[in-house]
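*Asks:* Prediction below, plus the sequence it came from.
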Amino acid sequence: MLGEGIIKGLAETARNFFGSYFFAERLTTVEYPEERIAPFEAARVFPFLVFDGTDALAGLRCTSCQICEKECPPKCIYIEKSKDKKPDYVGRMQFYPARFEIDIAVCMSCQICVEVCPFESIKMNTEFELATTDRFGGLLLDRDQLAKPNSYYQKIHPAEAATVDARLGEEKAKFAAKVKATSDAAAAKSAAKALEGANG
Amino acid sequence: MILGKIKKRPKGWNRPQAVAESGDGELLEVAMGPHHPSTHGVFRMDVALDGERVIKLRPVFGYLHRNHEKIGEGQSYLASMPFTDRLDYMCPLTNNWAYALAVEKLTGQAVPERAEYLRVILGELTRYQNHASSIGFLTQEMGASGTPLMYAFREREKILDLFEELTGARMMVNYMRFGGCRVDASEGWLDRTRKVVAGLGRFTDEFERLLRSNAILMVRTQGVGRLSAELAVNAGVTGPMLRASGVNYDIRKVDGYGIYNRFNFRVPLGDHGDVYDRFMIRLLEMRESIKILEQALKDIPGGPVVDPKAKSRGIRPKSGEAYGRIEAPKGELGFYLISDGGANPYRYRIRPPSLINLTVLEDMCLGSDVADVVLIFGSVDIVLGEVDR
């Protein structure tokens, strides 16, 4: 019959068109700027640096070990190590990044920096509306722009942040215990010495 | 032996038969592409036309060359993994798998059971969405202005949502690691996957009904762009293109890499090697993928998703070489690695199915109309990111 194919095709189209009013699986689009789908927890866009507490520089977890800089596939990270040291997240004296820059025009959001970081310091952001008219400075993020509080990390990746916080808490407790043990041992030693001196 | 029947190499097999011109000597040379809506990217076909008929066709590659192999030789094994996503960007997970397989062969790394199942699930989801959208593109090239393509993309979107939930990205997944997968799939994710897979069967039926009931599609595809089995084998064509020509060669069956020998599935074969057969092979493979997915989702065991002894950073394999190949949706995707004991591969070579399937384009196109060239090109199912690397 002439036009049979057209009728059959239009029947399929009609089923999908009217079906889209009733079944969610036939309508998968959203009106983007007004309607938004919440990003998945695993979603990743560009990296940021996590800091504990309120002061971005004092709480920065990064110890400037430069593993991420070395492993980054498109080599978009630039780090300059500090000359002096500051206490890190467990209280150990460590270097910190004097400069930490990520060129997000080059970054390809692969998450390898997050995987290789031994200090849970670099994480992936889920913010994606980053268009800018300044294609050079606007896309080169420096340390202060990259630093985000731990509370922000807990907000965007809740489950992941919980395990990280538990691990870091454990590490911190271990380090505190070790510090206490060494100071206790030193105190005991000096006390013993003092006792010896008094006896002698 | 599967290839036993084909022994004779046709005379002058690498030079297509000349097509007779009409005789008025007026040939028109046209450069189709590199920016042509039908070329799926940047690809040029220099065609010589006699009226509407194609007399000569020369494919011109290289517009998207980005030094992938040389970059891979300059950096660590892990750092090449995210770059493999960008080869065939329609199916990044199979690219990840092939590369992981090559490195695992090189280092002798074992993969835990659960990771193997996850790889099969993700690989078959990838195959499904690739075939669905490639059929969608094919119909668009026939002039079905977008409707079947949008239906295909709607299903693809559901699968990409699963990918995003698991890996963090829709396409640039960077998911597989040497010795397993990067993150574990939650039970909720597996349930959602089961739900999506349960809906795929109905979509496949609808899609097939829509396309096969269409007289235009039948007329435009049947008998167009024939590829003989001899030429397909001799040219190294693989994947649905080879099977549409009637050669029973599927690396999932031949190699049984991963755990494919545990699943019950069939390999659809074509008869004529024309555009219609390629289209139907893809449709049938979509059904087989659903079958594999159902089995894998039923049997997936618990356990770790990455070998605890495996390390991804700073691996230095012993000097040697390895070739890991898989049946990617487009054909045989292989990664060939030579290690000299250093932190980065001495040689990093990719055998891309798209490029090698494209080499027979002239043979299929000669003598047909320009409008059919677009169709034949679409039926090869290529992604330029993989052709040029």
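*Replies:* Alright, I've got the coordinates. Note that the coordinates shown come from a computational prediction; the quantities given were computed from them, not determined experimentally.

*Asks:* Can you pull the phi and psi angles for the closest residue to chain A within the stretch 1-150 of chain B?
*Replies:* Closest to chain A within the stretch 1-150 of chain B is residue B:82: 3.5 Å, counting by CB to the nearest CB. The way it works is simple: take the backbone N, C-alpha and C, and place the C-beta from them, glycine included. With angles defined as degrees, to the nearest 10, residue B:82 shows backbone torsions of phi -70, psi -20.

*Asks:* what's the closest non-adjacent residue to it?
*Replies:* Excluding the flanking residues, the one nearest residue B:82 by CB to CB, 6 or more residues apart in numbering or on different chains is residue A:110, at 3.5 Å.

*Asks:* which element is that neighbour on?
*Replies:* Assigned by DSSP states H and E, residue A:110 belongs to no helix or strand.

*Asks:* now do the one 3 residues further on
*Replies:* Element membership for residue A:113, per DSSP H and E: helix A:112-116.

*Asks:* Contacts only, for the residue of the stretch 1-150 of chain B closest to chain A.
*Replies:* A:73, A:108, A:110, A:112, B:172, B:174 (CB atoms under 8 Å, 6 or more residues apart in numbering or on different chains).

*Asks:* Now for the first one: which residues touch it?
*Replies:* I take that to be residue A:73. A:108, A:110, A:112, B:75, B:79-80, B:82-83.

*Asks:* so can I have TSV of the residues you listed showing distance to residue B:361?
*Replies:* Formatted as TSV, the contacts of residue A:73 follow (distance: CB to CB, whole Å):
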residue	distance to residue B:361
A:108	31
A:110	33
A:112	37
B:75	34
B:79	34
B:80	29
B:82	31
B:83	27
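
*Asks:* could I get these as a markdown table with pLDDT and distance to residue A:28?
*Replies:* Listed next are the contacts of residue A:73 as a markdown table, based on pLDDT from 0 to 100; distance: CB to CB, whole Å:
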| residue | pLDDT | distance to residue A:28 |
| --- | --- | --- |
| A:108 | 89 | 27 |
| A:110 | 87 | 27 |
| A:112 | 89 | 31 |
| B:75 | 88 | 38 |
| B:79 | 88 | 35 |
| B:80 | 88 | 33 |
| B:82 | 90 | 27 |
| B:83 | 90 | 30 |
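
*Asks:* I'd guess residue A:159 is in a helix, am I close?
*Replies:* Yes - counting by DSSP: H, G, I helix; E, B strand; the rest coil, residue A:159 falls inside a helix.

*Asks:* So it sits against residue A:41, correct?
*Replies:* Yes - the criterion here is CB atoms under 8 Å, and residue A:159 meets it with residue A:41 at 6.2 Å.

*Asks:* For the two, indicate the residue with more neighbours.
*Replies:* residue A:41 (14 against 11; other CB atoms under 10 Å in any protein chain shown).

*Asks:* gap between the more buried one and residue A:114?
*Replies:* Relative to residue A:114, residue A:41 is positioned 14 Å away (criterion: CB to CB, to the nearest Å).

*Asks:* same thing with residue B:350?
*Replies:* Distance from residue B:350 to residue A:114, by CB to CB: 27 Å.

*Asks:* When these two are compared, which one has more neighbours?
*Replies:* When residue B:350 and residue A:114 are compared for neighbours, residue B:350 comes out ahead with 20 against 17, by other CB under 10 Å.

*Asks:* In JSON lines, list the contacts of residue B:82 along with distance to residue B:342.
*Replies:* Formatted as JSON lines, the contacts of residue B:82 follow (distance: CB to CB, whole Å):
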{"residue": "A:73", "distance to residue B:342": "17"}
{"residue": "A:108", "distance to residue B:342": "24"}
{"residue": "A:110", "distance to residue B:342": "22"}
{"residue": "A:112", "distance to residue B:342": "19"}
{"residue": "B:172", "distance to residue B:342": "27"}
{"residue": "B:174", "distance to residue B:342": "23"}
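
*Asks:* Which residue, other than its chain neighbours, is closest to residue A:113?
*Replies:* residue A:68 (3.7 Å).

*Asks:* list the contacts for the most centrally placed residue in chain A?
*Replies:* In chain A, the residue lying closest to the centroid (CA atoms, centre = their mean) is residue A:123, at 1.4 Å. Counting by CB under 8 Å, 6+ apart, residue A:123 makes contact with A:47-48, A:50, A:114, A:153, A:157.

*Asks:* Relative to residue B:53, which of those residues is nearest.
*Replies:* Residue B:53 lies nearest to residue A:47 out of these, by CB to CB, at 55.3 Å.

*Asks:* Hmm, residue B:83 and residue B:71 touching each other?
*Replies:* Yes - judged on CB under 8 Å, residue B:71 makes contact with residue B:83 at a distance of 6.5 Å.

*Asks:* Is there a neighbour count for residue 71? I'd like the number.
*Replies:* Just so you know, I chose chain A. Residues contacting residue A:71 under the criterion other CB under 10 Å number 21.

*Asks:* wrong one, I was asking about chain B
*Replies:* Counted with other CB under 10 Å, residue B:71 comes out at 16.

*Asks:* Which helix or strand contains it?
*Replies:* helix B:68-74.

*Asks:* What helices and strands are in contact with that helix?
*Replies:* helix B:77-84, strand B:347-351 (3 or more CB pairs under 8 Å, 6 or more residues apart in numbering or on different chains; DSSP states H and E).

*Asks:* what does it rub up against?
*Replies:* B:80, B:83, B:86-87, B:344-350, B:389.

*Asks:* Apply 7 Å and report the result again.
*Replies:* Here helix B:68-74 makes contact (CB atoms under 7 Å, 6 or more residues apart in numbering or on different chains) with B:80, B:83, B:87, B:344-345, B:347-350, B:389.

*Asks:* just the residues you listed: which has the poorest pLDDT?
*Replies:* Ranked by pLDDT, those bottom out at residue B:389 (82).

*Asks:* so that residue makes contact with residue B:84?
*Replies:* No - counting by CB atoms under 7 Å, residue B:389 does not reach residue B:84; the two are 10.2 Å apart.

*Asks:* Next to chain B in this structure, residues from chain A, please.
*Replies:* A:5, A:8-9, A:12-13, A:16, A:25, A:28, A:40, A:42-44, A:71, A:73, A:108-112, A:116 (CB under 7 Å from any CB of the partner chain).

*Asks:* Now which of those residues would you call buried?
*Replies:* Using 16 or more other CB atoms under 10 Å in any protein chain shown as the burial test, the residues of chain A next to chain B include A:5, A:8-9, A:12, A:16, A:40, A:42-44, A:71, A:73, A:108-112, A:116 as buried.

*Asks:* Which of those residues fall in helices?
*Replies:* Counting by DSSP state H, the part of those found in helices is A:5, A:8-9, A:12, A:16, A:71, A:112, A:116.

*Asks:* so where's the chain uncertain?
*Replies:* Looking at chain A here, since you left the chain open. A:1, A:200 (pLDDT under 70).

*Asks:* Let me rephrase: I mean chain B.
*Replies:* B:1-25.

*Asks:* how far away is the residue nearest the centre of it from residue B:126?
*Replies:* For chain B, residue B:330 is the residue whose C-alpha lies nearest the centre (CA atoms, centre = their mean; 1.8 Å). Distance of residue B:330 to residue B:126, computed by CB to CB: 11 Å.

*Asks:* do residue B:135 as well
*Replies:* Taken as CB to CB, the span from residue B:135 to residue B:126 is 15 Å.

*Asks:* Chain B against chain A: which residues are in contact?
*Replies:* By CB under 7 Å from any CB, the residues of chain B that approach chain A are B:75-76, B:78-79, B:82-83, B:147, B:151, B:154, B:157-158, B:164-169, B:172, B:174, B:199, B:206, B:209-210, B:213-216, B:313.

*Asks:* coming back round to it: so which of the contacts of residue B:82 comes closest to residue B:296?
*Replies:* residue B:174 (22.0 Å).
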